[in-house]
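J.: sequence-free structure coming up:
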Ligand SMILES: O=C(O)c1ccc(O)c(O)c1
């Protein structure tokens, strides 16, 4: 039986990928940010997940104003790094897991989550930067990846409660897959940041840390699920809404979690970086 063994949350700032690709990680600006991932890299080298369900948002690379899926799942064999304007990142292709992905798609749709099924797409920094943070710079990514793309770019994004419930449904889908697979689920994006307008550069460390506290708590997530879009926008900036994607990961872990690692660092480009590693306890 496949099982979800851990959840990871991490920001996915594009400049982090550039810092790694351009070998700047030891520079004083970047060193403290990357130091917070040392523990996680050692941990994941021991955990060796077979598959990561990677919840992220596309930034007008695979989708644009012509097509805006609220929730999409990648069922393809392979995904190439997207060209976001400076050429594709020099990272390995991402290898998919079609059998499990199609099983999850079927289970979710029958469970009344209307997923868009993607067989071909390129993946941008939203997906590749978390892989780089967790695995460094290998010749090939050491696990297969099922991309789950969420619209948090164009209003209206899904509610936090809907995201939590999608996470629960993903957990049910994984548990009903007969193959013995070690599956992790990652929620990416955030934390507080705003990239444009008069409030560009906004960071709210107090709010972010309360969110990290709530994410690490064992309960039914009521406080997290009740956070409305307007609160994310007001307190964490226009791009802080990406944090609803963390709730998909947290919902998939069940009520009881053991926090294994936590990191918070400001700034990375315009963004407050948050990172959690959680283990389900049920
Ligand atoms: O801080 C930044 O520069 C930045 C830019 C683009 C993003 O998608 C993001 O999450 C952060």
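T.: Great, that's in hand. Computed from a predicted model, the values in this text were never measured in an experiment. Numbers count the residues shown, from 1 in each chain.

J.: Just list the residues touching residue 30, thanks.
T.: Contacts of residue 30 were listed using C-beta atoms under 8 Å, 6 or more residues apart in numbering, and they are 16, 19, 24, 268. (C-beta placed from N, C-alpha, C; glycine too.)

J.: after the longest helix seen in the chain comes which helix or strand?
T.: Longest helix in the chain, counting residues (DSSP state H): helix 160-175. The helix or strand immediately downstream of helix 160-175 is strand 182-188, counting by DSSP states H and E.

J.: for that following strand, packing partners?
T.: Applying 3 or more C-beta pairs under 8 Å, 6 or more residues apart in numbering; DSSP states H and E, one finds that strand 182-188 makes contact with strand 3-10, strand 51-56, helix 125-135, helix 160-175, helix 244-252.

J.: Which strands and helices lie in contact with the longest one?
T.: Think helix 160-175. On a contact count with 3+ C-beta pairs under 8 Å, 6+ apart, helix 160-175 meets strand 3-10, helix 98-110, strand 182-188, helix 222-225, helix 244-252.

J.: List the buried residues for the shortest one?
T.: Judged by neighbour count (16 or more other C-beta atoms under 10 Å), helix 222-225 contains these buried residues: 224, 225.

J.: So which elements touch that helix?
T.: Judged by 3+ C-beta pairs under 8 Å, 6+ apart, helix 222-225 is in contact with helix 160-175, helix 205-216, helix 244-252.

J.: same check, this time on the first one
T.: Contact here means 3+ C-beta pairs under 8 Å, 6+ apart; on that basis strand 3-10 packs against helix 38-47, helix 125-135, helix 160-175, strand 182-188, helix 244-252, strand 271-280.

J.: can you redo those as JSON lines with distance to the ligand?
T.: Listed next are the helices and strands packed on strand 3-10 as JSON lines, based on distance: least, C-beta to the nearest ligand atom, whole Å:
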{"stretch": "helix 38-47", "distance to the ligand": "19"}
{"stretch": "helix 125-135", "distance to the ligand": "7"}
{"stretch": "helix 160-175", "distance to the ligand": "17"}
{"stretch": "strand 182-188", "distance to the ligand": "9"}
{"stretch": "helix 244-252", "distance to the ligand": "11"}
{"stretch": "strand 271-280", "distance to the ligand": "4"}
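
J.: okay if I get these as a markdown table plus mean pLDDT and mean neighbour count?
T.: Shown next, in a markdown table, are those (pLDDT from 0 to 100; neighbours: other C-beta atoms under 10 Å):
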| stretch | mean pLDDT | mean neighbour count |
| --- | --- | --- |
| helix 38-47 | 98 | 14 |
| helix 125-135 | 98 | 25 |
| helix 160-175 | 98 | 21 |
| strand 182-188 | 98 | 26 |
| helix 244-252 | 98 | 28 |
| strand 271-280 | 98 | 23 |
